[in-house]
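Asks: Output the structure for:
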Amino acid sequence: MMKVEFKEFNSIIGKINGIYHEAALKMGMSDSERDILYVLCDKGSGCNQSVLYKETGMTRSTVNSAIRKLENKGILYLTAGTGRNTCVVLTEKGEKHIAETVGKLIKIENSIYLGWTPAERQFFLRLNQKFADELNDGVQKL
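Replies: Residues are numbered from 1 along each chain as shown. Just a heads-up that it's a prediction; the model follows:
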């Protein structure tokens with residue numbers, strides 16, 4: 001059996017994922033709905049649906065299912081974009097919903113992040129990006 005040298009970090013990631021899941025439940029939505037609204041909050045209403053797949057890492061079917069739920073709740077709707085693109089547009093209700101839910105989560109994240117020194121923020125981002133890049137390289141070689 002191999003020793004898991006990385007278990008402490010994996011435990012932290014699991015804890016963070018659990019906290020985000022708890023946030024989604026408290027906001028009355030699924031994790032996938034939260035992730036989609038988070039991206040829309042960042043990228044803005046009217047972004048291409050393909051951005052949601054890329055930014056969240058979710059499969060097309062998961063994104064499509066969550067979009068249907070959000071459509072049924074009156075939070076967003078789809079419209080034709082240029083070429084074969086489909087745009088995801090927030091309704092007025094959706095804009096308010098984001099402010100009351102995901103917007104609050106983003107404020108918490110920003111407060112934590114901005115509480116760090118610029119050097120701490122840079123170090124945190126650099127190490128996480130380096131890990132993501134090297135993990136991707138390793139996975140591509142599997």
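Asks: show me where the protein has helices.
Replies: Secondary structure of the chain (DSSP state H): helices located at 7-26, 31-43, 49-56, 60-72, 92-100, 102-114, 118-140.
Asks: Check which residues of the fifth one are buried.
Replies: So the one you mean is helix 92-100. For helix 92-100, a neighbour-count test (16 or more other C-beta atoms under 10 Å) marks Gly94, Glu95, His97, Ile98 as buried. The C-beta positions use only the backbone N, C-alpha and C, and glycine is treated the same way.
Asks: Check the average confidence over it, would you?
Replies: Helix 92-100 carries an average pLDDT of 96.
Asks: picking up where we left off before, of all the helices of the chain, which lies closest to Gly81?
Replies: Closest to Gly81 of those is helix 49-56 (C-beta to C-beta; 8.1 Å).
Asks: helices or strands up against that closest one?
Replies: Applying 3 or more C-beta pairs under 8 Å, 6 or more residues apart in numbering; DSSP states H and E, we find helix 49-56 packed against helix 31-43, helix 60-72, strand 86-90.
Asks: Which parts of the shortest one count as buried, going by neighbours?
Replies: Translated: strand 86-90. Using 16+ other C-beta under 10 Å as the test for burial, strand 86-90 gives Cys87, Val88, Leu90.
Asks: Export those residues as CSV, with columns for distance to Gly57.
Replies: Converted to CSV, the buried residues of strand 86-90 look like this (distance: C-beta to C-beta, whole Å):
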residue, distance to Gly57
Cys87, 21
Val88, 17
Leu90, 22
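Asks: tell me which of these is nearest to Thr56?
Replies: Among these, Val88 lies closest to Thr56 (C-beta to C-beta), at 12.1 Å.
Asks: contacting residues around that closest one?
Replies: Counting by C-beta atoms under 8 Å, 6 or more residues apart in numbering, Val88 makes contact with Ile36, Leu40, Ser45, Gly46, Cys47, Asn48, Gln49, Leu52, Ile67, Leu76, Leu78.
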